[in-house]
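Engineer: Got a predicted model here, sequence first, then my questions.
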Amino acid sequence: MVVATDGTVSGTWDLTWTQIFDEQVTVGGISSKKDHRVATYQDSDGVLTGDVCSLALTGGSLTTLSCVDSLKGDCSSEPAPPSQNIPNLGRPTSVIGETVIWTSVFAEDGGNAHSTFTLRVSRQ
């Protein structure tokens, strides 16, 4: 990440992340199928935009590194989910010495999927 004298940022980012998905189907009070999936993805060539007080990350390409499903077995050949932009991170949540930290918490509709994204940038 490069921060210009006017506060604008530029640079690229990569991220490896794991998604854990659990699903249980219940009909009329009777549980039938249960599914557990663990998939690891690689976001590559994302772009940093905005400025220090309104930092935004634009997604690049998304690749499936591994995927195992309790019902299907190896699911790594299935298409990766579409790459999405991370919402504007806004102002840093804290500054500790020369480390600037942005944290954002996301919740999907229904409140069942939650993730926390933390970006730490330190001077080198």
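Structural biologist: Now that the structure is in, tell me what you want to look at.

Engineer: so what's the most far-flung residue of the chain relative to its centre scoring on pLDDT?
Structural biologist: Residue farthest from the centre of the chain, counting by Cα atoms, centre = their mean, is G28 at 35.3 Å. G28 is assigned a predicted lDDT (pLDDT) of 80.

Engineer: cool, and the one 4 residues further on?
Structural biologist: In this prediction, S32 carries a pLDDT score of 76.

Engineer: Show me which positions of the helix or strand containing it end up buried.
Structural biologist: For S32, the host element (DSSP states H and E) is strand 30-49. Of all the residues in strand 30-49, those buried under the rule 16 or more other Cβ atoms under 10 Å are 37, 39, 41, 43, 46, 48-49. For glycine as for every other residue, the C-beta is placed from the backbone atoms N, C-alpha and C.

Engineer: ok, so of the residues you listed, who is nearest T103?
Structural biologist: Checking the buried residues of strand 30-49 against T103 with Cβ to Cβ, the nearest one is L48 at 16.1 Å.

Engineer: how far away is that closest one from M1?
Structural biologist: L48 sits 6 Å away from M1, taking Cβ to Cβ, to the nearest Å as the criterion.

Engineer: same deal with S70?
Structural biologist: Using Cβ to Cβ, S70 is found at 39 Å from M1.
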